[in-house]
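*Asks:* Structural data only, the sequence is not supplied:
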Ligand code: CUA
Ligand code: CA
């Protein structure tokens with residue numbers, strides 16, 4: 001454990017990490033003779049073996065990539081304005097964004113049945129505006145959103161893994177007053193708290209919030225539907241960085257779901273803004289506070305469901321919590337710290353841990369810029385019987401540089417297969433062509449199928465993917481549609497028309513290659529105009545665009561899809577509406593006039 005003069009030591013560590021790695025040659029763990037890359041190449045026309053679902057950080061989106069090719073297939077707009085699809089412009093998307101077009105996605109996780117992905121939904125948080133979005137995988141599009149009350153820094157997000165995803169939990173990284181209305185002793189941080197929010201995955205409504213006095217950062221659930229976990233780096237309840245680094249130990253907070261359900265059934269809560277608020281502070285029957293070294297970040301449960309591994313950012317250790325001991329901790333038969341069955345030293349700045357399904361853990365080391373592979377059982381044995389010179393560490397691989405999240409294929413399921421690992425590095429430095437002061441990230445693909453890790457690929461990424469899940473293709477591909485159904489949108493247009501009601505004009509228009517269903521629409525300046533556009537082409541991949549010149553409107557409708565947009569016709573004149581998606585040899589001719597008569601003419 002490092003010195004308890006926290007701030008200066010931490011800053012020195014980070015600086016050392018940066019300068020050490022900066023000039024290092026790119027090491028490559030290749031076996032002699034044959035190229036390690038050939039077996040992982042995806043030739044032209046071939047398909048990838050895995051889908052990667054990656055958060056897009058402050059870009060507000062979710063990205064869909066192929067693994068091992070690392071090709072980006074899709075950017076799913078979530079908390080961002082997307083000119084291409086019209087997300088943030090159409091009425092359908094605006095209704096899910098609540099007028100806020102920025103966001104910060106950190107954690108994407110899939111819905112589960114019996115401990116593995118069912119291919120139905122993805123869930124993703126918004127740390128900036130405190131929201132949760134659900135993405136339906138069949139269309140790879142957001143279908144529900146929720147604002148989380150009483151919280152800021154909505155960070156750790158994890159779905160229930162068994163028997164199926166009924167709950168999704170989210171943590172507040174930033175402590176705030178529970179009712180944050182600008183009243184009371186606002187600068188007295190001892191009155192602040194965090195909440196562990198439980199959301200119903202189906203209805204996307206808040207079930208309850210378990211309040212703690214400590215902050216709650218990253219999240220995980222177990223494989224039995226019994227517990228959820230939150231790391232807490234601010235057990236001190238501080239408001240400044242040095243206050244948050246004062247203690248040598250912080251917490252892994254464990255939430256007991258049976259007891260939460262009992263408390264809800266027994267009305268053992270207060271209601272604030274219509275939401276049940278349960279007491280989860282230290283000493284409450286709903287929670288266990290397990291001391292772990294300093295400012296922990298990630299918490300990841302091993303695929304066998306037996307262990308939760310927590311890493312202290314400012315301690316060179318990983319703490320292994322034996323989940324089977326938690327019942328005894330809750331029963332008061334075991335001190336919380338006794339649930340920690342190993343705490344191996346693994347390197348500097350450990351953040352997140354992932355697994356290969358063969359008993360090995362892989363932890364990202366931010367300061368060392370490494371992935372470290374270590375054996376869980378070996379760590380537990382050495383904790384019980386320390387042996388001079390023996391370590392649980394099996395292998396180390398330098399990454400480039402300053403790795404944050406790391407994830408192995410299927411590692412957050414009970415089907416972890418130990419094929420690939422992705423290292424999401426925050427800094428790319430000299431690895432790519434210079435593109436100006438804002439550099440790309442470096443997502444590195446690593447082969448973990450053998451004894452040693454082998455670096456396969458550098459892939460640049462726009463700021464700033466935080467996390468990824470790597471999902472076997474067979475779980476996803478059969479569920480993804482080529483075409484929606486016309487009736488999925490209640491206002492789908494099959495016959496074009498213009499209907500006026502006072503100063504409201506509703507234009508229903510079909511888009512069928514290479515024509516819109518209308519040639520012109522005439523309205524008066526000041527009218528409120530709604531365009532409802534349906535793509536009536538049923539051929540997969542035949543999308544149409546719909547841009548209104550000078551009116552700041554653009555959207556895409558894919559086969560049988562309908563989108564609508566409402567705006568005030570405030571600019572008199574003749575404006576061309578045109579198709580923005582190359583759909584036909586006469587794509588350029590696919591346009592219509594939008595005529596706005598000036599007032600009083
Ligand atoms: Cu329709 Cu281009
Ligand atoms: Ca702390």
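*Replies:* Alright, I've got the coordinates. The model shown is predicted, which means the values in this text are computed figures rather than measured ones. Residues are numbered from 1 along each chain as shown. Ligands and ions are numbered 1, 2, ... in the order given.

*Asks:* contacting residues for residue 354?
*Replies:* 300, 361-362, 406-408, 411-412, 421 (CB atoms under 8 Å, 6 or more residues apart in numbering). C-betas here are computed from N, CA, C, even on glycine.

*Asks:* Name the nearest of these relative to ligand 1.
*Replies:* Of all the contacts of residue 354, the one sitting nearest ligand 1 is residue 407; the distance, using CB to the nearest ligand atom, is 38.4 Å.

*Asks:* how many neighbours does the closest one have?
*Replies:* Neighbour count for residue 407, taken as other CB atoms under 10 Å: 25.

*Asks:* Would you agree it falls within a strand?
*Replies:* Yes: using DSSP: H, G, I helix; E, B strand; the rest coil, the assignment for residue 407 is a strand.

*Asks:* For it, name its beta-bridge partners.
*Replies:* Beta-bridge partners for residue 407, by DSSP bridges, are residue 422.

*Asks:* Let me see the contact set for it.
*Replies:* Taking CB under 8 Å, 6+ apart as the test, what residue 407 contacts is 352, 354, 421-422, 424, 467-470.

*Asks:* ok, now with 6 Å
*Replies:* Applying CB atoms under 6 Å, 6 or more residues apart in numbering to residue 407 gives the contacts 354, 422, 468, 470.

*Asks:* could the residues you listed go into JSON lines alongside distance to residue 341 and secondary structure?
*Replies:* Formatted as JSON lines, those follow (distance: CB to CB, whole Å; DSSP: H, G, I helix; E, B strand; the rest coil):
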{"residue": "354", "distance to residue 341": "19", "secondary structure": "strand"}
{"residue": "422", "distance to residue 341": "28", "secondary structure": "strand"}
{"residue": "468", "distance to residue 341": "29", "secondary structure": "strand"}
{"residue": "470", "distance to residue 341": "28", "secondary structure": "strand"}
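
*Asks:* Which of those ranks first by neighbour count?
*Replies:* Ranking the contacts of residue 407 using other CB under 10 Å puts residue 422 first, with 31 neighbours.

*Asks:* Could you measure from that residue over to residue 398?
*Replies:* 15 Å (CB to CB, to the nearest Å).

*Asks:* picking up where we left off before, of the contacts of residue 354, closest to ligand 2?
*Replies:* When those are compared for distance to ligand 2 (CB to the ion), residue 300 comes out closest, at 19.8 Å.

*Asks:* That closest one contacts residue 351, correct?
*Replies:* No: Residue 300 is beyond contact range of residue 351, at 10.2 Å (criterion: CB atoms under 6 Å).

*Asks:* Spit out the contact partners of the residue of the stretch 451-600 of the chain found nearest ligand 2.
*Replies:* Ligand 2 sits closest to residue 466 of the stretch 451-600 of the chain, with a gap of 21.2 Å, by CB to the ion. Residues counted as contacts of residue 466 (CB under 6 Å, 6+ apart) are 55, 57, 106, 405.

*Asks:* biggest separation within these, which pair?
*Replies:* Spanning the widest gap among the contacts of residue 466 are 57 and 405, at 10.6 Å by CB to CB.

*Asks:* More neighbours: those two, which one.
*Replies:* Under the neighbour definition other CB under 10 Å, residue 57 and residue 405 were set side by side, and residue 405 has more, 26 against 22.

*Asks:* more neighbours, residue 300 and residue 351?
*Replies:* Of the pair residue 300 and residue 351, residue 300 is the one with more neighbours under other CB under 10 Å, namely 27 against 21.

*Asks:* List the strands paired with the helix or strand where residue 507 lies, with their directions.
*Replies:* Element membership for residue 507, per DSSP states H and E: strand 504-512. Paired strands of strand 504-512, with direction, are strand 497-501 (antiparallel), strand 515-516 (antiparallel), strand 528-535 (parallel) (DSSP bridges).

*Asks:* So which of those has the densest surroundings on average?
*Replies:* When you average the neighbours per residue for each of those (mean count of other CB atoms under 10 Å), strand 528-535 leads with a mean of 23.

*Asks:* touching ligand 1 at all, the next helix or strand after it?
*Replies:* Downstream of strand 528-535, the next assigned helix or strand under DSSP H and E is strand 544-548. Yes: among the residues of strand 544-548, residue 544 lie within reach of ligand 1 under CB under 6 Å from any ligand atom.

*Asks:* which parts of the next helix or strand after strand 544-548 are buried?
*Replies:* Downstream of strand 544-548, the first helix or strand assigned by DSSP H and E is strand 553-557. With burial defined by 16 or more other CB atoms under 10 Å, the residues of strand 553-557 counted as buried are 553-557.

*Asks:* Name the nearest of those relative to residue 280.
*Replies:* The closest of the buried residues of strand 553-557, once distances to residue 280 are taken by CB to CB, is residue 555, at 43.8 Å.

*Asks:* And the closest residue to that closest one other than its chain neighbours, how far from ligand 2?
*Replies:* Of all residues not flanking residue 555 in the chain, residue 86 sits nearest, at 2.7 Å (CB to CB, 6 or more residues apart in numbering). Using CB to the ion, to the nearest Å, one obtains 44 Å as the distance from residue 86 to ligand 2.

*Asks:* Now do the helices in the stretch 101-250 of the chain.
*Replies:* 241-244 (DSSP state H, counting those that start in this stretch).

*Asks:* how close does residue 461 sit to residue 78?
*Replies:* In terms of CB to CB, residue 461 sits 16 Å off from residue 78.

*Asks:* Tell me which of the two has more neighbours.
*Replies:* Between residue 461 and residue 78, residue 78 has the larger neighbour count (other CB under 10 Å), namely 30 against 21.

*Asks:* so is residue 258 in a helix, a strand, or just coil?
*Replies:* Using three-state DSSP, the structure places residue 258 in helix.

*Asks:* Count the neighbours of residue 182 for me.
*Replies:* 7.

*Asks:* Ok, residue 232 next?
*Replies:* By other CB under 10 Å, neighbour count at residue 232 equals 26.

*Asks:* Per-residue confidence, it, what does it come out as?
*Replies:* Residue 232 carries a pLDDT value of 98.
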